[in-house]
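J.: Test case, fold it:
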Amino acid sequence: MRHTTEVKLANLADLIRAQDGTINPDEVRRVTVKDALVDTGASRLSLPTPIIEQLGLSPIGNVNSLTANGIVTRTVYSEVEFTILGRTESIRVTDLPANSPVLVGHIILEKLDLSLHIKKGLIYNPDHGDEWMDEAW
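T.: I've put the predicted structure just below:
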């Protein structure tokens, strides 16, 4: 069963510049994706290159990823702030080809204390009664 979710994305560096007054808050590059694919086989947050360009993210390195088609090299980009189901965190992202969906991987679910329910889709972790339990530091 295919599950999707809305994810709001913002360039984290822009948010920091807006906070310190270097840019106006309306200059923060943002994108809302209504149908991001929740992919428990994926690790992190992966974005198609057109969205990476819209957000103005900077490449910072490469990483090898194991995919259904074998090992591929992905570019790692600067951090985005992301919001799913009202919970917000930040992470570096990896790239995907232009025609790919946004992939929300298991690390994102863990960071936001979310679970994937087979019938309901993405939900707050039922073991925590709608309370957000942050990962241990």
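J.: Now do the strands in the chain.
T.: Here the chain has its strands, by DSSP state E, at 4-11, 30-38, 45-48, 59-67, 70-84, 87-96, 103-104, 114-117, 121-124.
J.: got the contact list for the residue nearest to the spatial centre of the chain?
T.: Geometric centre of the chain, nearest residue: Leu45, 3.8 Å, by Cα atoms, centre = their mean. Going by Cβ atoms under 8 Å, 6 or more residues apart in numbering, Leu45 touches Val7, Val80, Phe82, Ile91, Val93, Thr94, Val102, Leu103, Val104, Gly105, Ile107, Ile108. All C-beta atoms are positioned from the backbone trio N, CA, C, and that covers glycine.
J.: which parts of stretch 17-25 are buried?
T.: Arg17, Ala18 (16 or more other Cβ atoms under 10 Å).
J.: Same check on stretch 108-127?
T.: Judged by neighbour count (16+ other Cβ under 10 Å), stretch 108-127 contains these buried residues: Ile108, Leu109, Lys111, Leu112, Asp113, Leu114, Leu116, Leu122, Tyr124, Asn125.
J.: Rounded mean pLDDT for that stretch, please.
T.: Taken as a whole, stretch 108-127 has a mean pLDDT of 91.
J.: For Asn24, list the residues it contacts.
T.: Ala18.
J.: If we only consider the contacts of Leu45, which is nearest to Asp20?
T.: Distance to Asp20, by Cβ to Cβ, is smallest for Val80 among those, at 18.4 Å.
J.: ok, and the closest non-adjacent residue to the residue nearest to the centre of the chain?
T.: Val93 (5.0 Å; Cβ to Cβ, 6 or more residues apart in numbering).
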